[in-house]
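Student: sequence below, structure please.
(chains A and B)
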Amino acid sequence: MSKGLTSKNDDYSQWYNELVTKADLAEHSAVRGCMVIKPYGYSIWEKMQAALDKMFKDTGHSNAYFPLFIPKSFFSKEASHVEGFATECAVVTHYRLKNDGKGNIIVDEDAKLEEELIVRPTSETIIWNTYKGWIQSYRDLPILVNQWANVVRWEMRTRLFLRTAEFLWQEGHTAHATREEAVEEAERMLEVYADFAENFMAMPVVRGVKTPNERFAGAIETYCIEALMQDGKALQAGTSHFLGQNFAKAFDVKFTSKEGKLDHVWATSWGVSTRLIGALIMAHSDDSGLVLPPKLSPIQVVIVPIYRNDEEKAKISEAANALSASLRARNISVKYDDRDTQRPGFKFAEYELKGIPVRVAIGGRDLENGTAEIARRDTREKQTVSRENLDLYISDLLDEIQQAIYNKALAFRTENTREADSYEEFKRLLDEQPGFVSAHWDGTGETEKKIKEETKATIRCIPLNNRQEEGTCILTGNPSKQRVLFARAY
RNA sequence: CGGGGUGUAGCGUAGCCCGGUAUCGCGCCACAUUUGGGAUGUGGAGGUCGUAGGUUCGAAUCCUGCCACCCCGACCA
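Tutor: Numbering: from 1, shown residues only, chains lettered A, B, ... in the order given. Just a heads-up that it's a prediction; the model follows:
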């Protein structure tokens, strides 16, 4: 590990890249566009998985697993779906290698697959092909299934966590008897995502729906949560789709209703990915490193001993172990770092880089005074407190940090969400004060595309429960009934 | 996939224009002194110069192809 991080004010992208690698979250792999998620980064993902998985189970879903490979023919059944993903699919064409006799391993041309297989970019098709066999009657519905999986989208330009050719995610796929029930499901899962983002990631999000241009290929309606990063760019953090009967029709999935009528099944799908780790980094971290919310930090408290000799260290360890035990009894994860090989200052910097929310230092002075030095990562404030009831104090402090990080991010978003009433003002805001820009839009795809071409800003979403307000489109001057949220985005 | 840039020890770099077997810092190893914010000293180890060809007596250096990463564009979670 080397000293210093590029300041995020000097070069935000470089700051992000350095942070991901220096904090030991991930690194580039030998495969273009693919990353290695290192143990520390993966443990954040595991925290996310655990919280989300519980939320999915609590809302009635079960996990299952579908194949990585999808027959090409499945893929072409839903027209807009194919169109959306066709340009970024990895295709398996052969199933065997051979030695060419000169010591090289080559593809065995005799082992060509009769039907090529697509490496899943998402699983709607294979899942709806499967659901056909599961559903005959309204009694078989709803089906509420989630899978944790990897997917591949052959991206041209990749960035660690934010956009990689292969990524980890969860995809929920549900089947319902009625339109209302499916819409309700899509909205429910959006709320689960928003809840997770705000209460676990401490990242405020805007709940909204996508415009037709930004909609998932094959969806009737795409709901999304949008977050604002510290550089003023927006990031789509999760999506939930109402798929209508599109996939049921494509895969001929019908059920007999209570009334004895045959109808196509209604569907939803929803997902969040390891991209959330990128969001987490960019939402909170600073020039000293990661700032992790206590609820997702792999380690919540680190204890660093400061000693002059073995005898002193032994006494400090005793105090540290007692504190560790009392914290663990409160379900707080603790690490006691008694390595002799690094000095305290080094450890302080290291744990700041890694975003550990609370650091406790115990030294000779503290032994005598019955105290410990507590440092919180988010504000970098330090104070010396009594070791009496320290577990309770730290437990409260963790809650406070979780809340403080959220409040800070919310204040940032509020400050950086502005209204524009003319195209000039709109462009000026985007260039001079990046963030969300709330503006009137005439509702047409043409206008949206033109604005995107000219400003690189896209409509992130039409916020749910949006305030209705008469106005005129910033580009065309045509009448508009509500503002929508624009931003330059990741 | 188009334009620009970069690739030299684990990391960051000098050397490249003007060809002669590689510089410095961090890190690493040993020992000593240290330990309340990234310790200091002394000694030491570590290199197919991204990769494959070519030019040359000789290539990190010149030429060509390829690969990877970064930035900008098109595309996208």
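
Student: top helix in chain A by residue count?
Tutor: helix A:390-415 (DSSP state H).

Student: next SSE after that one?
Tutor: Per DSSP states H and E, the first helix or strand lying C-terminal to helix A:390-415 is strand A:417-419.

Student: what lines up beside that following strand in the sheet?
Tutor: strand A:436-440 (parallel) (DSSP bridges).

Student: export the strand it pairs with to PDB, keeping only CA atoms.
Tutor: In PDB, the C-alpha atoms belonging to strand A:436-440 read as follows (Å, rounded to 0.1, in the frame of the first residue of the first chain):
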ATOM      1  CA  PHE A 436     -29.900  16.800 -10.800                       C
ATOM      2  CA  VAL A 437     -31.700  19.400 -12.900                       C
ATOM      3  CA  SER A 438     -35.500  19.500 -12.600                       C
ATOM      4  CA  ALA A 439     -37.000  20.800 -15.800                       C
ATOM      5  CA  HIS A 440     -40.100  20.700 -17.900                       C
END
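
Student: let me know the angle separating it from helix A:390-415.
Tutor: Comparing the axes of strand A:436-440 and helix A:390-415 via axes from the mean of the first three to the mean of the last three C-alpha atoms, to 10 degrees yields an angle of 40 degrees.

Student: so for strand A:436-440, what's the average pLDDT?
Tutor: Averaged across strand A:436-440, pLDDT comes to 96.

Student: need the contact partners of it.
Tutor: Around strand A:436-440, the neighbours that count as contacts under C-beta atoms under 8 Å, 6 or more residues apart in numbering are A:206, A:228, A:234, A:413, A:416-421, A:426, A:429-430, A:457, A:460, A:471-474, A:480, A:482-487. All C-beta spots, glycine's among them, are computed from the backbone N, C-alpha and C.

Student: buried subset of the residues you listed as a ChimeraX selection?
Tutor: Filtering the contacts of strand A:436-440 down to the buried ones (16 or more other C-beta atoms under 10 Å) takes a single ChimeraX command:
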select /A:206,228,234,413,416,420,426,429,430,457,460,471,473,474,480,482,483,484,485,486,487
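
Student: verify the stated contact: A:C34 with A:E166.
Tutor: Yes: A:C34 sits in contact with A:E166 when judged by C-beta atoms under 8 Å, with a separation of 5.0 Å.

Student: which one's more surrounded, these two?
Tutor: A:E166 (19 against 14; other C-beta atoms under 10 Å).

Student: from A:L144, how far out is that one?
Tutor: Going from A:E166 to A:L144 by C-beta to C-beta, to the nearest Å gives 27 Å.

Student: and if you look at A:G244?
Tutor: 18 Å.

Student: with A:D287 instead?
Tutor: The spacing between A:D287 and A:L144, counted by C-beta to C-beta, is 44 Å.

Student: neighbour-wise, which of the two wins?
Tutor: Between A:D287 and A:L144, counting by other C-beta under 10 Å, A:L144 is the more crowded of the two (18 against 13).

Student: give the contact list for that one.
Tutor: Counted by C-beta under 8 Å, 6+ apart, A:L144 has contacts A:59-62, A:172, A:174, A:185.

Student: for the helix or strand bottoming out on mean pLDDT in chain A, which strands pair with it and how are they oriented?
Tutor: Across the helices and strands of chain A, mean pLDDT, DSSP states H and E gives its lowest value to strand A:105-107, namely a mean of 81. Paired neighbours of strand A:105-107 in the sheet (DSSP bridges): strand A:97-99 (antiparallel).

Student: contact residues of the stretch 151-300 of chain A facing RNA strand B?
Tutor: Applying C-beta under 7 Å from any atom of the strand, we find that the stretch 151-300 of chain A lies next to RNA strand B at A:153, A:155-160, A:162-165, A:167, A:214, A:216-217, A:236, A:239, A:273-275, A:288.
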